[in-house]
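A.B. asks: with the sequence up front, the predicted model follows.
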Amino acid sequence: MITDIINWVVWAIDEIAGAIANAIIEIAGAIAGGIAEVGKAISSGLIKVSRAIADGILDISSAVAVGIVKVSRAIADGISQVAGAIASGVVKIGNAVATGLSEINKAIAEFGVTFNKWWMSILTELERWWQTQVAHLGETFSWVTDLMDDIIAFFHNPLGYVWERFTDWFLGPEE
């Protein structure tokens, strides 16, 4: 009877782990497909960002798969240890559960580190792209600053502005 329960629990965990893995793979595939479509519609300035996102998704999906495998193995190991502990006593059950939870915690922590690295690479690429775009705008519209300076100088002292332009025109600019 205990063996049947243990077999059923192991089977259930395998089914759950398989379903989670399939769902995550399907979600990762849908995300990758969506990013590919977005990449087609974005201008050439966003190509580096879409590549970084695609690489990150590949990294994260492989990290998720590895994480799920590690978590399912840790759960299976924990259950196996729990089953052995049932036969030999309550003290062994406590030790097995603690070991299983420790393994699960390690697997989840590894997944978190991988996800954080991916996310930071995406943010770095976005920041680089944004700084490049702002620099291009500054280069393109630098004449606006010169025009604004002239307008401000005129309204600050209209007569002095006109006089300075008049003398520059007839006498040449002062050095």
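C.D. replies: Right, received. Where do you want to start? Numbers count the residues shown, from 1 in each chain.
A.B. asks: per-residue pLDDT of Thr167, please?
C.D. replies: At Thr167, the pLDDT value in this model is 91.
A.B. asks: which strand or helix spans it?
C.D. replies: Per DSSP states H and E, Thr167 falls inside helix 158-171.
A.B. asks: centre of the chain to that helix, how far?
C.D. replies: Averaged C-alpha coordinates place helix 158-171 at 58 Å from its chain's average position (CA atoms, centre = their mean, to the nearest Å).
A.B. asks: next: stretch 4-13.
C.D. replies: 37 Å.
A.B. asks: same check on stretch 112-125?
C.D. replies: 5 Å.
A.B. asks: and Met120, how many residues sit next to it?
C.D. replies: Counted by other CB atoms under 10 Å, the residues lying close to Met120 total 11. Any C-beta I mention is one placed from the backbone N, CA and C, and that applies to glycine too.
A.B. asks: quickly find the element holding it.
C.D. replies: Assigned by DSSP H and E, Met120 falls within helix 90-140.
A.B. asks: any idea of the angle the lowest-mean-pLDDT helix or strand in the chain forms with helix 90-140?
C.D. replies: Least confident helix or strand of the chain, by mean pLDDT, DSSP states H and E, is helix 47-88 with a mean of 75. On the basis of axes from the mean of the first three to the mean of the last three CA atoms, to 10 degrees, helix 47-88 is oriented at 180 degrees to helix 90-140.
A.B. asks: re earlier: now the helix holding Thr167: buried residues?
C.D. replies: Tyr161 (16 or more other CB atoms under 10 Å).
A.B. asks: then it to CSV, C-alphas only?
C.D. replies: The C-alpha coordinates for helix 158-171 follow below in CSV (Å, rounded to 0.1, in the frame of the first residue of the first chain):
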residue,chain,number,x,y,z
PRO,A,158,17.1,94.3,-29.8
LEU,A,159,19.0,97.5,-30.6
GLY,A,160,22.3,96.0,-29.5
TYR,A,161,21.6,92.8,-31.6
VAL,A,162,20.8,94.8,-34.7
TRP,A,163,23.8,97.1,-34.2
GLU,A,164,26.2,94.2,-33.8
ARG,A,165,24.9,92.6,-37.0
PHE,A,166,25.1,95.9,-38.8
THR,A,167,28.8,96.5,-37.7
ASP,A,168,29.7,92.9,-38.5
TRP,A,169,28.2,93.3,-42.0
PHE,A,170,29.9,96.6,-42.8
LEU,A,171,33.1,96.4,-40.7
